[in-house]
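Trainee: need a 3D model of the following:
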Amino acid sequence: MIEAVILVGGQGSRLRPLTDTRPKPMMPLVDRPFVAHQLDQLRRFGVTDVIFSCGYRPEALQGHFGDGTDIGMRLRYVVDPVPLGTAGAVKNAESMLTSAQVLVFNGDVLTDLDLSLVVAQHEATGVAGTLALTPVADPSRYGLVRLHPDRRVEEFLEKPRPDQLRAGEPFLINAGTYLLEREVLDRIPLGEPCSIERDIFPGLAREGRLAGYPSDSYWRDIGTPDSYLQAHLDVLAGAVRTDAPTGDSYVGPGAQLAADARVASGTTIGPDAVVGPGAVVLRSVVGAGSRIGRNVQMDGVILGAGVTVGARARLVDGTVVGDGATITAGVTVAGCIIPTNADVDQSQSHGGERNEPA
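Mentor: So this is what the prediction gives:
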């Protein structure tokens, strides 16, 4: 039986202020925490023994999932004493592992990759490690992974220049899912920061013991506000296989919508939130317990938990509002980041830190 390690140690700095109050894996994605979608995927594949390699706010995961009994899984937790990098975090979980192979998930990747196909190729090639790959149109922002015809890794090119690209080649990047033989963990120093992508994989590739599995399955890194919002839209649209509901919108338990409020176009309304009369909320995420006033207009916005938006306010263009913030009636906020517990009044309309594209 294969065990899995999910790397959930990062602080999610690109998603601040939303991650001021929760770790990135516990960010809600439609009807459940993000990392629950990864657990669902593993369970569909038959993996029920999972170790969370934690760093930032591990108590949030432990408090929500416990030992996994409620979801038919065995969940365990290990906390990195200091940031150890992707390889160091896997090594930190080694003493809990008993299987000959281990699946490693980056804790911020939403995918419906067929894990059985990864395992089949891995065993057929006889390599020590296989990394899932996803195609991109422009590899210049990523690390290009180039393969031999037998799918063993030829080389890694970090943010390749146009002159380094080959005509007609697929542009494949690391998709953040790995299948490793236990022997790979012997290469990782215990208790020291170590990157599996930079310090371990290149050596395996030079030895011909690392393969890539290219896949056109859905793939998204949820680590930026734009991508996090798009993940909601994609889940609701059924663009990715999940166990979450699909449809034009999702309204969580205990939420209240005025009869003439319009909630549509992939909007998620969190538990116990209230949307007032005449409000229009499109392509947005509204956190648990938030209050949307009368005749508010929202489009392409993320609200944390417990946010209050006053009557006639207008929030648009990728605005992100931290937990507990208050937007005064009549204020317009476009493309800004509003800190946790901030108060935004008329004098600060359009204020806040600019939300630059990722």
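Trainee: so for this protein, the centremost residue is which one?
Mentor: Asp108 (2.8 Å; C-alpha atoms, centre = their mean).
Trainee: mind checking the backbone torsions on His122?
Mentor: phi -60, psi -50 (degrees, to the nearest 10).
Trainee: state the mean pLDDT of stretch 279-287.
Mentor: In this model, stretch 279-287 has an average pLDDT of 98.
Trainee: please shift the residue numbers so they start at 156 in all later answers.
Mentor: With 156 as the first residue, the last one maps to stretch 434-442.
Trainee: contacts for it, please.
Mentor: Outside stretch 434-442, the residues that touch it by C-beta atoms under 8 Å, 6 or more residues apart in numbering are 183, 383-384, 387-388, 413, 416-425, 428, 430, 447-462, 478. Heads up, the C-betas are built off the backbone N, CA and C, glycines and all.
Trainee: picking up where we left off before, quick one, phi/psi of the nearest residue to the residue nearest to the centre of the chain once chain neighbours are set aside?
Mentor: Nearest residue to Asp263, sequence neighbours excluded (C-beta to C-beta, 6 or more residues apart in numbering): Gly378, at 4.8 Å. Backbone torsions of Gly378, given as degrees, to the nearest 10, read phi -80, psi 0.
Trainee: Gly167 is in contact with Gly378, correct?
Mentor: Yes - checked against C-beta atoms under 8 Å, the pair Gly378 and Gly167 is within contact range at 6.9 Å.
Trainee: look at the two and report which has more neighbours.
Mentor: Using other C-beta atoms under 10 Å as the criterion, Gly378 and Gly167 rank with Gly167 on top: 23 against 20.
Trainee: in the stretch 206-355 of the chain, which spans are strands?
Mentor: Ranges of strands in the stretch 206-355 of the chain, per DSSP state E, counting those that start in this stretch, are 229-234, 256-261, 264-266, 284-290, 298-302, 308-313, 327-336.
Trainee: by how many degrees do the fourth one and strand 327-336 diverge?
Mentor: By that I understand strand 284-290. 160 degrees (axes from the mean of the first three to the mean of the last three C-alpha atoms, to 10 degrees).
Trainee: next one: strand 284-290 to chain centre, how far?
Mentor: On the basis of C-alpha atoms, centre = their mean, to the nearest Å, strand 284-290 sits 17 Å off its chain's mean C-alpha point.
Trainee: and it, what's buried?
Mentor: By neighbour count on 16 or more other C-beta atoms under 10 Å, the buried set for strand 284-290 is 284-289.
Trainee: and the contacts of stretch 434-442, which of them are buried?
Mentor: 183, 383-384, 387-388, 416-418, 420-425, 428, 430, 447-462, 478.
Trainee: quick one: which of the strands of the stretch 206-355 of the chain is nearest Tyr368?
Mentor: Closest to Tyr368 of the strands of the stretch 206-355 of the chain, according to C-beta to C-beta: strand 284-290, at 5.2 Å.
Trainee: give me the pLDDT for the residue nearest to Asp263.
Mentor: pLDDT, Gly378: 90.
Trainee: so which of the buried ones among the contacts of stretch 434-442 sit within helices?
Mentor: Mapping the buried ones among the contacts of stretch 434-442 onto helices (DSSP state H) picks out 383-384, 387-388.
Trainee: list just the nearest of those residues to Gly323.
Mentor: Nearest to Gly323, judged by C-beta to C-beta, of those is Leu388 at 32.3 Å.
Trainee: what sits against the nearest residue to the closest one once chain neighbours are set aside?
Mentor: Using C-beta to C-beta, 6+ apart and skipping the chain neighbours, the partner closest in space to Leu388 is Gly421 (3.9 Å). Gly421 makes contacts with 387-388, 391-392, 403-404, 438, as judged by C-beta under 8 Å, 6+ apart.
Trainee: what residues are up against the residue nearest to the centre of the chain?
Mentor: Here Asp263 is in contact with 165, 167, 179-180, 189, 331, 376-378 (C-beta under 8 Å, 6+ apart).
Trainee: give me phi/psi at it?
Mentor: phi -130, psi 20.
Trainee: hmm, back to that, mind listing the shared neighbours of Gly378 and Gly167?
Mentor: Listed as contacting both Gly378 and Gly167 by C-beta under 8 Å, 6+ apart are 179, 263.
Trainee: first-to-last residue distance for stretch 347-367?
Mentor: Its start and end residues considered, stretch 347-367 measures 26 Å (C-alpha to C-alpha, to the nearest Å).
Trainee: whoops, stretch 426-437 was the one
Mentor: Taking C-alpha to C-alpha, the first and last residues of stretch 426-437 lie 17 Å apart.
Trainee: quick one: buried residues of it?
Mentor: Across stretch 426-437, burial judged by 16+ other C-beta under 10 Å covers 427-431, 433-437.
Trainee: rewinding a little: what about the residue nearest to Asp263, distance to Pro357?
Mentor: 24 Å (C-beta to C-beta, to the nearest Å).
Trainee: Glu214 now?
Mentor: Taken as C-beta to C-beta, the span from Glu214 to Pro357 is 36 Å.
Trainee: how about Gly477?
Mentor: 39 Å.
Trainee: who has more neighbours out of those two?
Mentor: Between Gly477 and Pro357, counted using other C-beta under 10 Å, the more crowded position is Gly477 (25 against 14).
Trainee: quick one: pLDDT of that one?
Mentor: 96.
Trainee: repeat for the one 5 residues further on
Mentor: On the pLDDT scale, Ile482 is placed at 96.
Trainee: which residues does the closest residue to it other than its chain neighbours bridge with?
Mentor: Among residues not flanking Ile482 along the chain, Val464 sits closest, at 4.6 Å (C-beta to C-beta, 6+ apart). Going by DSSP bridges, Val464 is paired in beta bridges with Ile447, Ile482.
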